[in-house]
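**Q** sequence first, predicted model second:
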Amino acid sequence: MELNNMASLFDPYDLGAIRLKNRIVMAPMTRSRARNDALAPNSATALYYAQRATAGLIISEGVLVSVEGRGWAYAPGIYNSEQVAGWRNVTNAVHAKGGVIFAQIWHVGRSSHVSLQNDLQAPVSAVETQAEGAVAYSFDENGTLAYQQQSKARALKIDEIHRITAEFVEAARNAIAAGFDGIELHAANGYLFEQFISGALNSRDDSYGGPSIANRLRFTLETVDAIAAAIGPERFGIRLSPYGRYNAMQPFADEAETWLSVAAELSKRRLAYVHISDQTTMGKNGIPQDFMQRFRHAYNGTLIVAGGYLKDNGQAAIDSGSTDLIAIGRPFISNPDLVERLRNDWPLAELDRTTIYDGGNKGYVDYPLFECAHLTAGARL
């Protein structure tokens, strides 16, 4: 953790051995553009990320570690050779623009639909469960894209838990082979790791669940340790969403104690960072302010926060010492030059929400830079 000393949002930051040119992070955002049989990123994906390489750090969209991990149609993976080759094109393009990019590796657990699984199998989770009222972007009986109720999941056996940890290690190695500067383990937003961490959901009666906080953290920490052994702790971070309710997650009695235990355990491991997602802007439960102060005290390392930040409130968060880096999501979609727009107080372009997941280049790589749009508009006067 670096002392802020009234640092600007636009000042460099040393993320271990990696020098970030500013303290603005492009948050991970699913875009559903891997529309090929291999679920591999294409040339448009390389352009999309390269256009946004002025961010201090780019964290990629969720990248799947297996077919079983799928929960959103046309999300890319990093478990086959075509995917690794596609991501290598992406990282080359970002590095050519002077950017830094981490891959967010992902398994959704129960947050899936049978149409996204091999042979229409049930998704998997800590226990047999279904996220009532939560949807997956999947395929209906006619093969048409649709938002459908997530399917009922089956409970993982212990040997399957170990197999998934191994898949995350392989995904991390693949990411490094593809040229990523590091990886982020997605343990937020009600996906697989949080399904194990949650005291409301994980009622297993073995060493991976039940009332014991240590048992509920075991899968996550074993995976963290396995990745650290494979690629080095300084090359990866983890995303968490304490008090999150996305994907039908529920409150539980020792919620604060659980997340503070996570903070203490991660602090021992000296990762590149911890990335906290506050779900207030997702229309969900927010993180209590006093809790974030307690988390900051328990976790001694670089902290990234996401959740409705832009220039003023992002700078205020850095000034207060409550975080080191600010992650920004959807404004980066419609403003590839977001850093310069914020630096110069230029207006932000509006997001076309209809194109977030639609699969084409429209709303993906065609948002203009402010100066280009301004000059074009001026020429029409």
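**A** Received, thanks.
**Q** shaky segments in this structure?
**A** Flagging of the chain using pLDDT under 70 yields the residue ranges 1-5, 282-285, 372-381.
**Q** let's go with 90 and repeat that
**A** Scanning the chain with the threshold set as pLDDT under 90 gives 1-6, 279-286, 288-290, 359, 371-381.
**Q** show me the strands in it, by range?
**A** 13-15, 18-20, 24-26, 57-64, 101-106, 124-125, 135-139, 145-149, 154-155, 182-186, 236-240, 273-277, 303-306, 325-328 (DSSP state E).
**Q** tell me the contacts of Ser207?
**A** 158, 215, 218 (Cβ atoms under 8 Å, 6 or more residues apart in numbering). C-beta here means a position set from N, CA and C on the backbone, and glycine is covered the same way.
**Q** just the ones of the residues you listed in helices?
**A** 158, 215, 218 (DSSP state H).
**Q** and the last one, how many neighbours?
**A** By the measure other Cβ atoms under 10 Å, the count of residues near Arg218 is 18.
**Q** count of neighbours near the nearest residue to it once chain neighbours are set aside?
**A** Spatial nearest neighbour of Arg218, chain neighbours left out: Tyr208 (5.4 Å); criterion: Cβ to Cβ, 6 or more residues apart in numbering. Per other Cβ under 10 Å, the neighbour tally for Tyr208 reads 19.
**Q** ok, Ala263 next?
**A** Ala263 has 22 nearby residues by other Cβ under 10 Å.
**Q** any idea how far it is from Arg235?
**A** Computed as Cβ to Cβ, to the nearest Å, the Ala263 to Arg235 distance reads 20 Å.
**Q** and Glu265, by the same measure?
**A** 19 Å.
**Q** now do Leu145
**A** Counting by Cβ to Cβ - Leu145 and Arg235 are separated by 35 Å.
**Q** next one: Leu192
**A** Taking Cβ to Cβ, one finds Leu192 at 21 Å from Arg235.
**Q** the two: which has the busier surroundings?
**A** Leu192 (32 against 22).
**Q** my read: the more buried one touches Pro123, true?
**A** No - shown here, Leu192 and Pro123 do not form a contact pair, counting by Cβ atoms under 8 Å, at 9.4 Å.
**Q** what sits in contact with each of these two?
**A** Joint contacts of Leu192 and Pro123 (Cβ under 8 Å, 6+ apart) are 108-110.
**Q** count the neighbours of the residue nearest to Pro211 when sequence neighbours are not counted for me.
**A** Nearest non-adjacent residue to Pro211, counting by Cβ to Cβ, 6+ apart: Gly199, 7.1 Å away. Using other Cβ under 10 Å, Gly199 has 20 neighbouring residues.
**Q** enumerate every residue touching Gly199.
**A** 211, 213, 216, 252-255, 258.
**Q** what do you get if the cut-off is 7 Å, keeping everything else the same?
**A** By Cβ atoms under 7 Å, 6 or more residues apart in numbering, the residues touching Gly199 are 216, 252-254, 258.
**Q** what do you get for Gly71?
**A** 108, 111-112, 116, 136.
**Q** on that earlier part again, highest neighbour count among the contacts of Gly199?
**A** Counting neighbours by other Cβ under 10 Å, Arg216 leads the contacts of Gly199 with 26 neighbours.
**Q** hmm, Asn202 and that residue touching each other?
**A** Yes - using Cβ atoms under 7 Å, Arg216 is in contact with Asn202, at 5.2 Å.
**Q** shared neighbours of these two, anything?
**A** Counting by Cβ under 7 Å, 6+ apart, the residues touching both Arg216 and Asn202 are 196, 209.
**Q** could you measure from Ala27 over to Tyr48?
**A** For Ala27 relative to Tyr48 (Cβ to Cβ), the value is 14 Å.
**Q** same thing with Asp358?
**A** Taking Cβ to Cβ, one finds Asp358 at 14 Å from Tyr48.
**Q** neighbour count for those two, which is higher?
**A** Taking neighbours as other Cβ under 10 Å, Asp358 and Tyr48 compare with Tyr48 leading, 22 against 14.
**Q** which residue, other than its chain neighbours, is closest to the more buried one?
**A** Val365 (5.2 Å).
**Q** go on, Trp87?
**A** The shortest distance from Trp87 to any non-neighbouring residue, by Cβ to Cβ, 6+ apart, is to Ala178 (3.9 Å).
**Q** quick check, the one you found in contact with Asn89.
**A** No - look at Ala178 against Asn89 with Cβ under 7 Å: they stay out of range, at 8.9 Å.
**Q** Gly329: which of the shared contacts of Leu192 and Pro123 is nearest?
**A** Val108 (18.3 Å; Cβ to Cβ).
**Q** pretty sure that closest one is touching Phe193, no?
**A** No - with contact defined as Cβ under 7 Å, Val108 does not reach Phe193; the gap is 10.4 Å.
**Q** gap between Gly86 and Gly359?
**A** Distance, Gly86 to Gly359, by Cβ to Cβ: 16 Å.
**Q** how about the contacts made by the residue nearest to Arg218?
**A** Residues in contact with Tyr208 (Cβ under 7 Å, 6+ apart) are 158, 161, 196, 215, 218-219.
**Q** out of the residues you listed, which comes closest to Tyr79?
**A** Once Cβ to Cβ is applied, the member of the contacts of Tyr208 that ends up nearest Tyr79 is Ile161, at 17.6 Å.
**Q** give the buried residues for stretch 24-41.
**A** Using 16 or more other Cβ atoms under 10 Å as the test for burial, stretch 24-41 gives 24-28, 30-34, 39-41.
**Q** now render those as JSON lines, adding distance to Ser277.
**A** What follows is those, written out as JSON lines (distance: Cβ to Cβ, whole Å):
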{"residue": "Ile24", "distance to Ser277": "16"}
{"residue": "Val25", "distance to Ser277": "12"}
{"residue": "Met26", "distance to Ser277": "14"}
{"residue": "Ala27", "distance to Ser277": "8"}
{"residue": "Pro28", "distance to Ser277": "9"}
{"residue": "Thr30", "distance to Ser277": "13"}
{"residue": "Arg31", "distance to Ser277": "17"}
{"residue": "Ser32", "distance to Ser277": "20"}
{"residue": "Arg33", "distance to Ser277": "22"}
{"residue": "Ala34", "distance to Ser277": "23"}
{"residue": "Leu39", "distance to Ser277": "24"}
{"residue": "Ala40", "distance to Ser277": "26"}
{"residue": "Pro41", "distance to Ser277": "23"}
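**Q** since that was my last question, I'll sign off now.
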